[in-house]
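1. predicted model and sequence follow; I will ask about them next.
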Amino acid sequence: MDLCLPPHSAVNPLAFSVPPYSCDCHAHIIGPVTLFPQIEDRSYSSPEASLESYQTLHRKLGIRRAIIVQPSIYGYDNRVTLDAISRYGATSARGIAVVTPQILDSELETLHLAGIRGVRFNLLFKGGASLEDLEYIAQKIAGFKWHIQLLIDVSQLEAIASRLRKLPVQVVFDHMGHMPTNLGVQHSGFQTLINLMKEGCAWAKVSGNYRISSAGQPYRDAIPFAQALIAASPDRVVWGTDWPHPGLYDGMPNDGDLLGALDDYAPSSKLKQTILVDNPEKLYGFDAQPLENKYEK
């Protein structure tokens, strides 16, 4: 299997000041392969993307917090994500795990102490949990006040919306619902996501504009989708890089541009503060006045 592209090392400059303690709410750490082998049955093969490179990116962007999401290429082996959380700094990083329905409460407690705050269901790539286990896992994690993170194409969301409304936990949608922009913001699936947010059941990440764009760079056709999500519930929206942008074989985005897109999504400084700082604090349980990151000491 050919390796997908590595991320750009250069970062394009921003036109706005990033608020203190801003959080990148969606990223992955890959490797080293000698410690964390990728599962055989996977959708792509990724080059290594180290925590050190990720921290360098954050210093360039002015980001101080991170949500490390378990990538599908590791299946249920969360060691790479737990290692990244620990080394980034326990006060400044949280994580999203992938678990089996057989996981014990004691194992969930161990994950919680290590910084895990949610369970991912990835329906677009191999290596994830099945929706058959959605309700059962939601019940198991409810006591920890975790959430379910969904990577799905929301054009099909109506089929499971009633199930999501009954869950005892919040649901967070990756990458603006991962629905192609050429279907339009009035598509019934996207409007179902909007309604779930308004009802207080769901959150959305205004990330992955390059994954949903039908027009290509600079992905301006994604702007109405991000704006619609923010207008629906500004207190239920977070942002992320999706670094190192796994599974891409062409059209690698620049992370400076991905953060800079917030100028189109959320023009005011107050709204940027809400999306980059205040909302992640609520969703992931950050201290409002954290200690310094380890890498800054």
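-> Happy to help now that I have it.

2. which intervals of the protein have sub-threshold pLDDT?
-> For the chain, the stretches flagged by pLDDT under 70 are 125-128, 289-297.

3. go again with 80.
-> Within the chain, the ranges that satisfy pLDDT under 80 run 1, 43, 123-130, 288-297.

4. now what about the longest strand seen in it, what contacts it?
-> With secondary structure taken from DSSP state E, the chain has its longest strand at strand 116-122. With contacts defined as Cβ atoms under 8 Å, 6 or more residues apart in numbering, strand 116-122 is touched by 67, 69-70, 72, 78, 81-82, 85, 94-99, 128-131, 134, 137, 141, 146-152, 172, 283-285. Any C-beta I mention is one placed from the backbone N, CA and C, and that applies to glycine too.

5. count the residues that sit near the nearest residue to residue 284 once chain neighbours are set aside.
-> Closest residue in space to residue 284, ignoring its immediate chain neighbours: residue 94 at 4.3 Å, by Cβ to Cβ, 6 or more residues apart in numbering. By other Cβ atoms under 10 Å, the residues close to residue 94 number 24.

6. and the one 3 residues further on, by the same measure?
-> With neighbours defined by other Cβ under 10 Å, the count for residue 97 comes to 27.

7. count of neighbours near the closest residue to residue 48 other than its chain neighbours?
-> Leaving aside its sequence neighbours, residue 48 sits nearest to residue 31 (Cβ to Cβ, 6+ apart; 3.3 Å). Here the number of neighbours of residue 31 (other Cβ under 10 Å) works out to 16.

8. do residue 176 as well
-> Other residues close to residue 176 by other Cβ under 10 Å number 26.

9. is it in a helix, a strand, or coil?
-> Secondary structure, DSSP: H, G, I helix; E, B strand; the rest coil: residue 176 is helix.

10. that one touches residue 223, doesn't it?
-> No: in this structure residue 176 lies outside contact range of residue 223 using Cβ atoms under 8 Å: 10.5 Å.

11. so what's in contact with those two at the same time?
-> Each of residue 209 lies in contact with both residue 176 and residue 223 under the rule Cβ under 8 Å, 6+ apart.

12. quick one: the helices in the stretch 51-200 of the chain?
-> Remark: helices assigned in the stretch 51-200 of the chain by DSSP state H, counting those that start in this stretch are 51-61, 79-88, 105-113, 134-142, 161-165, 188-198.

13. residue 245 is nearest to which of these?
-> Residue 245 lies closest, by Cβ to Cβ, to one member of the helices of the stretch 51-200 of the chain: helix 51-61, at 11.5 Å.

14. does anything pack onto that closest one? Which helices or strands?
-> For helix 51-61, the packing partners by 3 or more Cβ pairs under 8 Å, 6 or more residues apart in numbering; DSSP states H and E come out as strand 23-27, helix 79-88, helix 255-260.

15. confirm for me that residue 66 is in contact with residue 27.
-> Yes: the pair residue 66 / residue 27 is scored as a contact, 6.1 Å apart, by Cβ under 8 Å.

16. and the gap between the residue nearest to residue 284 and residue 143?
-> In this structure, residue 94 and residue 143 are 17 Å apart, going by Cβ to Cβ, to the nearest Å.

17. cool, residue 96 as well?
-> The gap separating residue 96 from residue 143 is 17 Å, by Cβ to Cβ.

18. more neighbours: those two, which one.
-> Counting neighbours by other Cβ under 10 Å for residue 96 and for residue 143 shows that residue 96 has the greater number, 26 against 13.

19. residues touching that one, list them.
-> Contacts for residue 96 were tallied using Cβ under 8 Å, 6+ apart; they are 67-70, 81, 116-120, 149.

20. now distance to residue 12 too, for these, in TSV please.
-> Output for the contacts of residue 96, formatted as TSV (distance: Cβ to Cβ, whole Å):
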residue	distance to residue 12
67	22
68	24
69	23
70	28
81	28
116	32
117	30
118	30
119	34
120	29
149	28
